[in-house]
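Visitor: coordinates only, no sequence provided:
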């Protein structure tokens, strides 16, 4: 539980872009104590846990909660049947095969590809590759011959209105597919950005990425990022000094 709590506290602080001193002001827990808890060197008393939970606006139980293995998870009531939703065009076999031909990765391959990243530079490179793939797919999807191949027109329609509607259907479906692709690639980019934060929190990277939309909309995101980086480097120096003192004894 201690290592889970330590990591959870590091993530909570990183998500908020707080320095240790700012976290101290927010929670009322001394920054040195908080640093030791975040590094798993100390387990907090109940009073300290309450302060942390109150400062981060979450129940104490959520701080202490550990993931339960699927085999040990309690059985629950069957979920209600969801309302029917519009079919995902990307899930169609012929569309999926066409996307793979254009360089698109299925979900499993994409996740394995992301896990190859060792630092923020690797993540940044993969974000650039992601943009290139998305743009190439969307450019190819603009071609009328792709519309008619992917969404062939139906024949034997009785009325003129039906025939006109059918003539417009391939282009309409192609636009819908393009929107699905854009949403999928936004989700994948966010996934990469979040993975860079995981690498940072786990100490495997010296920096992490900020989503482009956040950077444009919130001028203070970069400033908080720099403060977080300085705090992390200071904590690393503190750990090195403590280790050197321990060796000198």
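Guide: It's in. This one's a predicted model, so the numbers in the text were calculated from it and none came from an experiment.
Visitor: going forward, measure contacts between C-alpha atoms and count neighbours the same way
Guide: Noted.
Visitor: and stretch 7-20, which residues are buried?
Guide: 7, 8, 9, 10, 11, 13, 14, 17, 18, 19, 20 (16 or more other C-alpha atoms under 10 Å).
Visitor: which residues touch the nearest residue to the last one once chain neighbours are set aside?
Guide: Which is residue 20. Spatial nearest neighbour of residue 20, excluding adjacent residues (C-alpha to C-alpha, 6 or more residues apart in numbering): residue 31 at 5.4 Å. Counting by C-alpha atoms under 8 Å, 6 or more residues apart in numbering, residue 31 makes contact with 20, 21, 23, 24.
Visitor: what's the closest of the buried residues of stretch 7-20 to residue 41?
Guide: residue 7 (11.9 Å; C-alpha to C-alpha).
Visitor: verify the stated contact: the closest one with residue 41.
Guide: No: taking C-alpha atoms under 8 Å as the definition, residue 7 is not a contact partner of residue 41, at 11.9 Å.
Visitor: against residue 48, how distant is residue 37?
Guide: Distance, residue 37 to residue 48, by C-alpha to C-alpha, to the nearest Å: 10 Å.
Visitor: and the two? which has more neighbours close in?
Guide: More neighbours surround residue 37 than the other of residue 37 and residue 48, with 20 against 17 (other C-alpha atoms under 10 Å).
Visitor: so what's residue 195 up against?
Guide: 114, 123.
Visitor: retrieve the pLDDT associated with it.
Guide: Looking at residue 195, its pLDDT reads 85.
Visitor: how far away is it from residue 164?
Guide: According to C-alpha to C-alpha, residue 195 and residue 164 sit 47 Å apart.
Visitor: pLDDT score assigned to the residue nearest to residue 64 when sequence neighbours are not counted?
Guide: Once flanking residues are discounted, residue 64 sits nearest to residue 5: 6.1 Å by C-alpha to C-alpha, 6+ apart. For residue 5, the model assigns a pLDDT of 81.
Visitor: what about residue 5, neighbour count?
Guide: 21.
Visitor: report the central residue of this structure.
Guide: The structure's the chain has its C-alpha centroid closest to residue 191; by C-alpha atoms, centre = their mean the separation is 3.0 Å.
Visitor: residue 179: what secondary structure?
Guide: helix (DSSP: H, G, I helix; E, B strand; the rest coil).
Visitor: lowest average confidence, helix or strand, in this protein?
Guide: Between all helices and strands in the chain, the lowest mean by mean pLDDT, DSSP states H and E belongs to helix 212-217, at a mean of 50.
Visitor: in the protein, which spans are helices?
Guide: Applying DSSP state H to the chain gives helices spanning 2-16, 20-27, 31-38, 46-55, 60-64, 93-101, 107-114, 120-141, 144-150, 160-201, 212-217, 220-248.
Visitor: out of those helices, nearest to residue 86?
Guide: helix 160-201 (10.9 Å).
Visitor: how far does the closest one sit from the chain's center?
Guide: 17 Å (C-alpha atoms, centre = their mean, to the nearest Å).
Visitor: same check, this time on stretch 33-48
Guide: Distance, centroid of stretch 33-48 to centroid of chain: 27 Å (C-alpha atoms, centre = their mean).
Visitor: likewise for stretch 93-101?
Guide: For stretch 93-101 - counting by C-alpha atoms, centre = their mean - the centre lies 25 Å from the chain centre.
Visitor: give me the buried stretch members for it, please.
Guide: For stretch 93-101, by 16+ other C-alpha under 10 Å, it's 96, 98, 99.
Visitor: any chance of those in a markdown table, plus pLDDT and distance to residue 201?
Guide: Output for the buried residues of stretch 93-101, formatted as a markdown table (pLDDT from 0 to 100; distance: C-alpha to C-alpha, whole Å):
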| residue | pLDDT | distance to residue 201 |
| --- | --- | --- |
| 96 | 94 | 35 |
| 98 | 95 | 38 |
| 99 | 96 | 34 |
